[in-house]
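Asker: coordinates only, sequence not included:
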Ligand code: ADP
Ligand code: MG
């Protein structure tokens with residue numbers, strides 16, 4: 001296996017690599033670093049998000065900088081302020097054992113004089129957004145006429161955002177004799193134009209298939225009626241109680257509306273779009289990073305800076321106008337070797353777009369049905385049971401115990417359990433019991449290419465008592481079940497991993513084999529238990545009776561004061577007016593169950 005050392009990095013950088021905990025170079029690093037270190041050359045590197053591009057250009061750049069000179073030698077252009085700060089931060093970590101290397105970030109929305117002051121002190125490397133850079137050049141606050149290296153990071157996104165003219169202007173202020181390194185996830189026409197115009201016979205490297213999304217991401221779509229996007233979104237959230245997601249909308253207005261609706265319904269949501277002030281955006285992002293926000297509703301532009309590693313789901317509330325943008329969206333999950341799911345809510349007329357996206361990502365979508373209300377109830381129930389099991393007992397409870405015992409006197413264990421669980425379950429039940437099936441009828445059948453038809457007859461849905469806490473994701477659990485039961489590649493499908501339990505499907509033909517395998521099966525001293533799920537919602541779009549507009553209920557975490565306030569106020573109002581509705585929720589009851 002290749003090491004960072006073998007790529008030609010000097011010792012001080014290897015020490016930094018070590019501190020960062022990078023064991024082996026990623027593919028783009030392995031390919032780019034030796035090329036960039038060896039000679040002065042232009043380079044076009046295509047690699048999807050999350051593949052480690054920052055280090056691929058960052059390490060060679062730092063190694064090549066002349067430490068004795070304080071002239072600006074390297075310019076990195078990146079699309080957003082957030083990315084700009086991230087890159088700067090990374091480069092500072094990479095150069096922690098270098099003496100006299102200064103990396104300065106230049107971006108809009110912050111004091112230009114302060115940034116100019118930092119530049120003046122001597123910044124060999126400047127990381128900038130195109131807009132602010134142009135501004136500073138215009139005012140003579142930065143001199144890039146002597147740079148040796150110009151790096152265009154996330155070039156496709158910069159061009160997407162309309163920075164073509166700015167980039168052209170900026171590049172015209174740089175010397176001809178320099179190396180240009182272009183990094184991009186995709187290679188749309190505009191990027192090739194830049195490459196042709198401003199680069200001299202660049203070397204090219206491509207990681208993975210061109211334009212392909214990460215293979216650790218499963219792509220799913222759900223077909224619903226045009227007006228059911230919002231309740232569909234809630235179902236997706238309710239099926240994944242521990243969701244940590246970015247929800248993409250097409251416009252700022254939709255973004256705001258969807259976020260408001262979620263918050264009103266008691267979910268931990270926040271909006272991120274260009275109409276917010278920088279300060280508001282910082283607040284939202286910081287809450288999201290701390291996971292106080294579980295569902296970040298964002299426009300494509302605003303989400304460009306998001307570089308959070310643990311995102312479990314990307315939800316496309318609407319498909320993007322440009323299908324190429326889908327790659328950027330889904331690339332927000334499945335980062336840093338983790339698996340992720342990208343879900344798309346579509347109407348029937350959009351199904352052909354799925355086909356076009358499949359061509360771009362070179363991966364098939366899974367046509368899925370929204371879970372039925374009863375399946376959500378089941379998931380929430382197990383989730384609650386597990387939560388109770390895992391809850392650490394607060395010793396402060398002790399002193400109240402005699403009084404509590406008095407109240408609960410005469411209830412036996414079974415009864416008590418049923419009651420505890422019913423506290424939350426009933427609310428879900430009451431809400432979902434009345435809701436309709438949201439799946440657009442016949443929808444999934446239109447998708448011939450899908451690896452499994454969600455309405456396949458004979459599919460059996462199972463519950464298994466292992467999940468994310470046991471280190472599984474949908475891929476590894478699928479492998480585990482298949483290998484343990486000695487099944488074939490296609491026998492297990494629809495694997496939905498929750499925190500401490502999961503669901504999966506198989507055709508009924510192999511059901512006995514599965515149940516027999518997992519009967520009394522002990523792994524690491526623990527019983528791994530598989531049962532047929534009571535509500536095979538994931539096995540087929542079973543229709544649930546009754547009309548009735550879906551109302552809402554919530555999902556929350558205690559901590560989030562700023563985002564919590566409007567919601568609880570609203571909720572309290574809801575309580576008094578609709579005593580029986582699912583959205584009832586008092587402050588006291590907040591746990592992160594919902
Ligand atoms: P990209 O720019 O391609 O989207 P980043 O440079 O932001 O990707 O890297 C994504 C994540 O992977 C970051 O958290 C980074 O610290 C981590 N990373 C980068 N290179 C390695 C490596 N060789 N080993 C482990 N983690 C890495
Ligand atoms: Mg990057």
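Answerer: Good, I have the coordinates. Keep in mind that what you see is a predicted model, and the values were worked out from it rather than measured. Ligands and ions are numbered 1, 2, ... in the order given.
Asker: Using the three-state scheme, assign the residue located most distally from the centre of the chain.
Answerer: Taking Cα atoms, centre = their mean, the residue of the chain most remote from its mean C-alpha position is residue 410, at 48.0 Å. Taken by DSSP: H, G, I helix; E, B strand; the rest coil, the conformation at residue 410 corresponds to coil.
Asker: Let me know how buried the residue in the stretch 451-594 of the chain that ligand 1 sits nearest to is, in neighbour terms.
Answerer: Residue nearest to ligand 1 within the stretch 451-594 of the chain: residue 473 (17.1 Å; Cβ to the nearest ligand atom). (Each C-beta comes from the backbone N, C-alpha and C, glycine too.) If you count neighbours by other Cβ atoms under 10 Å, residue 473 ends up with 20.
Asker: So it is in contact with residue 339, correct?
Answerer: Yes - contact between residue 473 and residue 339 holds when scored by Cβ atoms under 8 Å: they sit 3.9 Å apart.
Asker: so what pLDDT did residue 381 get?
Answerer: Among the per-residue scores, residue 381 shows a pLDDT of 85.
Asker: And residue 257, how close does it get to residue 347?
Answerer: 18 Å (Cβ to Cβ, to the nearest Å).
Asker: So which bits of this protein are right by ligand 1?
Answerer: With Cβ under 6 Å from any ligand atom as the criterion, the chain comes near ligand 1 at residues 22, 25-26, 29, 47, 49-55, 307, 309, 335-336.
Asker: Now with 8 Å, please.
Answerer: Residues of the chain found near ligand 1 (Cβ under 8 Å from any ligand atom) are 4, 17, 20-26, 28-29, 47-56, 86, 90, 153-154, 183, 185, 307, 309, 331, 335-337.
Asker: Which strands and helices lie in contact with the longest helix along the chain?
Answerer: The helix that spans the most residues within the chain, counting by DSSP state H, is helix 413-433. Judged by 3 or more Cβ pairs under 8 Å, 6 or more residues apart in numbering; DSSP states H and E, the packing partners of helix 413-433 are helix 373-390.
Asker: Can you list the buried residues in the helix it packs on?
Answerer: Across helix 373-390, burial judged by 16 or more other Cβ atoms under 10 Å covers 373-387.
Asker: OK, contacts around residue 321?
Answerer: Residue 321 sits next to residue 250 when contact means Cβ atoms under 8 Å, 6 or more residues apart in numbering.
Asker: same question, the one 4 residues further on
Answerer: For residue 325, the contacting residues are 160, 300, by Cβ under 8 Å, 6+ apart.
Asker: and with 6 Å instead?
Answerer: Shown in contact with residue 325 (Cβ atoms under 6 Å, 6 or more residues apart in numbering): residue 300.
Asker: Dihedrals phi and psi, the residue of the stretch 351-500 of the chain found nearest ligand 1?
Answerer: Proximity to ligand 1, evaluated over the stretch 351-500 of the chain using Cβ to the nearest ligand atom, is greatest for residue 361 at 16.1 Å. Per-residue torsions, residue 361: phi -90, psi -10 (degrees, to the nearest 10).
Asker: how many other residues sit next to it?
Answerer: Residue 361: 23 neighbours (other Cβ under 10 Å).
Asker: measure it to residue 375 for me?
Answerer: With the distance defined as Cβ to Cβ, residue 361 ends up 28 Å from residue 375.
Asker: I'd guessed residue 50 sits against residue 333; true?
Answerer: No - assessed by Cβ atoms under 6 Å, residue 50 is found out of contact with residue 333, at 8.9 Å.
Asker: neighbour-wise, which of those two wins?
Answerer: Comparing residue 50 with residue 333 by other Cβ under 10 Å, the one with more neighbours is residue 333, at 30 against 22.
Asker: That one contacts residue 340, doesn't it?
Answerer: Yes - if you go by Cβ under 6 Å, residue 333 and residue 340 touch, sitting 2.8 Å apart.
Asker: Identify the contacts common to the two.
Answerer: Taking Cβ under 6 Å, 6+ apart as the criterion, residue 333 and residue 340 both touch residue 217.
Asker: Which stretches in the stretch 51-200 of the chain count as strands?
Answerer: Per DSSP state E, counting those that start in this stretch, the stretch 51-200 of the chain carries strands over the ranges 74-77, 103-106, 125-128, 149-152, 179-184.
Asker: Save those as JSON lines, and put in mean neighbour count too.
Answerer: Supplementary listing: the strands of the stretch 51-200 of the chain in JSON lines, determined by neighbours: other Cβ atoms under 10 Å:
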{"stretch": "strand 74-77", "mean neighbour count": "26"}
{"stretch": "strand 103-106", "mean neighbour count": "25"}
{"stretch": "strand 125-128", "mean neighbour count": "27"}
{"stretch": "strand 149-152", "mean neighbour count": "25"}
{"stretch": "strand 179-184", "mean neighbour count": "24"}
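Asker: got those strands as CSV, with mean pLDDT columns?
Answerer: As requested, the strands of the stretch 51-200 of the chain are arranged in CSV below (pLDDT from 0 to 100):
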stretch, mean pLDDT
strand 74-77, 98
strand 103-106, 96
strand 125-128, 98
strand 149-152, 97
strand 179-184, 96
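Asker: Those into CSV, with extra columns for distance to residue 164?
Answerer: Putting the strands of the stretch 51-200 of the chain into CSV (distance: least, Cβ to Cβ, whole Å) gives the following:
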stretch, distance to residue 164
strand 74-77, 12
strand 103-106, 19
strand 125-128, 16
strand 149-152, 11
strand 179-184, 13
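Asker: Looking at the ones you listed, spot the one closest to residue 433.
Answerer: strand 179-184 (49.5 Å; Cβ to Cβ).
Asker: Tell me the strands beside the closest one, with direction?
Answerer: With DSSP bridges as the test, strand 179-184 is paired with strand 43-46 (parallel), strand 149-152 (parallel).
Asker: Out of these, the one nearest residue 73 is which?
Answerer: Nearest to residue 73, of all these, is strand 149-152, at 6.6 Å by Cβ to Cβ.
Asker: What's the separation between the residue farthest from the centre of the chain and residue 401?
Answerer: Taken as Cβ to Cβ, the span from residue 410 to residue 401 is 16 Å.
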